[in-house]
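K.L.:
show me the folded form of this:
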Amino acid sequence: MKIFLRQSKNSKGYITLLSVLIVGAVSIAITVSLILLGLSSSRTGLSYQQMFQAKNLAHSCAEEGLEKIRESSAFSGSGSISASQGSCTYLVTNLGGNSRTVDATGTVLTVIRRASVSVTAINPLIVVSSWQEM
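P.N.:
Presented below is the predicted three-dimensional model:
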């Protein structure tokens with residue numbers, strides 16, 4: 001005696017529909033993950049760009065402070081530079097004798113970078129003993 005199990009045509013349709021739903025859910029999950037990963041990458045890239053711009057502005061202001069020392073060895077004071085992407089400020093401090101420090105800050109939107117330059121001699125050339133990013 002042989003027993004045949006008979007599948008109805010409707011059960012094949014349910015299996016196909018369930019398979020399509022599972023594949024669709026997995027596809028949507030992968031797509032959403034890729035979109036969120038792309039957005040995160042874009043924000044990170046923009047942050048790095050702003051960080052490098054702020055660093056370059058801080059270095060520009062430090063160079064400007066060194067130029068002020070070159071123009072007048074007695075100079076101590078502050079100044080600023082505005083650029084299209086941000087701004088920077090510098091402060092030249094006379095430590096006595098030929099020693100000076102130039103503290104510079106570059107700002108791009110909310111990103112701030114700082115540099116500190118120590119000068120040990122001025123005449124005839126400016127001798128930079130250290131240049132540190134903070």
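K.L.:
quick one: the residue most central in space within the chain and residue 105, what's the gap?
P.N.:
What sits nearest the mean C-alpha location of the chain, by CA atoms, centre = their mean, is residue 48, with 2.5 Å. Distance, residue 48 to residue 105, using CB to CB, to the nearest Å: 19 Å. In this view, the C-beta of every residue, glycine as well, is placed from N, C-alpha and C.
K.L.:
before we move on, back to that, remind me what the helix or strand hosting the residue nearest to the centre of the chain packs against, helices and strands.
P.N.:
Element membership of residue 48, judged by DSSP states H and E, is helix 9-71. Applying 3 or more CB pairs under 8 Å, 6 or more residues apart in numbering; DSSP states H and E, we find helix 9-71 packed against strand 77-82, strand 87-96, strand 99-108, strand 111-121, strand 127-133.
K.L.:
which of those strands sits most buried?
P.N.:
strand 99-108 (a mean of 22; mean count of other CB atoms under 10 Å).
K.L.:
any idea of the mean pLDDT for that strand?
P.N.:
On average, the pLDDT along strand 99-108 is 96.
K.L.:
in its sheet, what does it sit against?
P.N.:
According to DSSP bridges, strand 99-108 has the following sheet partners: strand 87-96 (antiparallel), strand 111-121 (antiparallel).
K.L.:
and of those, who's closest to residue 127?
P.N.:
strand 111-121 (3.9 Å; CB to CB).
K.L.:
excluding sequence neighbours, find me the nearest residue to residue 70.
P.N.:
Leaving aside its chain neighbours, residue 70 sits nearest to residue 126 (5.9 Å; criterion: CB to CB, 6 or more residues apart in numbering).
K.L.:
how about the contacts made by the one you found?
P.N.:
Residue 126 sits next to 66, 69, 70, 119 when contact means CB atoms under 8 Å, 6 or more residues apart in numbering.
K.L.:
what's the burial count for residue 64?
P.N.:
For residue 64, the neighbour count with other CB atoms under 10 Å is 18.
K.L.:
and it, what's its pLDDT?
P.N.:
96.
K.L.:
for it, what are its contacts?
P.N.:
79, 81, 90.
K.L.:
so the residue nearest to residue 59 when sequence neighbours are not counted bridges to which residues?
P.N.:
For residue 59, ignoring the flanking residues on the chain, the nearest one in space by CB to CB, 6+ apart is residue 115 at 6.0 Å. Beta-bridge partners recorded for residue 115 (DSSP bridges): residue 104, residue 133.
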